[in-house]
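In: Have a look at this fold, sequence not included:
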């Protein structure tokens, strides 16, 4: 069996961490999720990420734990997202507006000033 690397340009859906519960983590802020968002690739992950909650709509948080991933849920998520022709540009705009270093550094500055 030959393994072939697939570049981001050919991906339709990305996977974040699925077993952070094994490190006793409930909340995450994975760099790879932010990269997926900046590249306009919908993704799923286990746990909670404060930057991708609420009405973001292009990320699917699945339950943490040892249970098998419900593939039908992932497929339904992708089918729903793929109905929107603008998901890539919308995700990239969100990344620029909410996830950039300048935005995050401003929040840190405000927090440190308290």
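Out: Right, received. Where do you want to start? Not measured: the values here are computed from a predicted model.

In: What ranges in this protein fall below the confidence cut-off?
Out: 1-8 (pLDDT under 70).

In: Helices of that one, start to end?
Out: Counting by DSSP state H, one finds helices in the chain at the ranges 31-39, 71-82, 87-94, 101-113.

In: Please work out how many residues are found near the nearest residue to residue 56 once chain neighbours are set aside.
Out: Take residue 56 and drop its neighbours on the chain: the residue closest to it by CB to CB, 6 or more residues apart in numbering is residue 94, 7.1 Å away. C-beta: built from backbone N, CA, C; applies to glycine. Residue 94 has 18 neighbours, counted by other CB atoms under 10 Å.

In: now swap in residue 91 and tell me
Out: Neighbourhood size, residue 91 [other CB under 10 Å]: 23.

In: mind listing what the residue nearest the centre of the chain touches?
Out: In the chain, the centroid-proximal residue (CA atoms, centre = their mean) is residue 33; its distance is 3.9 Å. With contact taken as CB atoms under 8 Å, 6 or more residues apart in numbering, residue 33 is in contact with 16, 43, 45, 49, 51, 52, 59.
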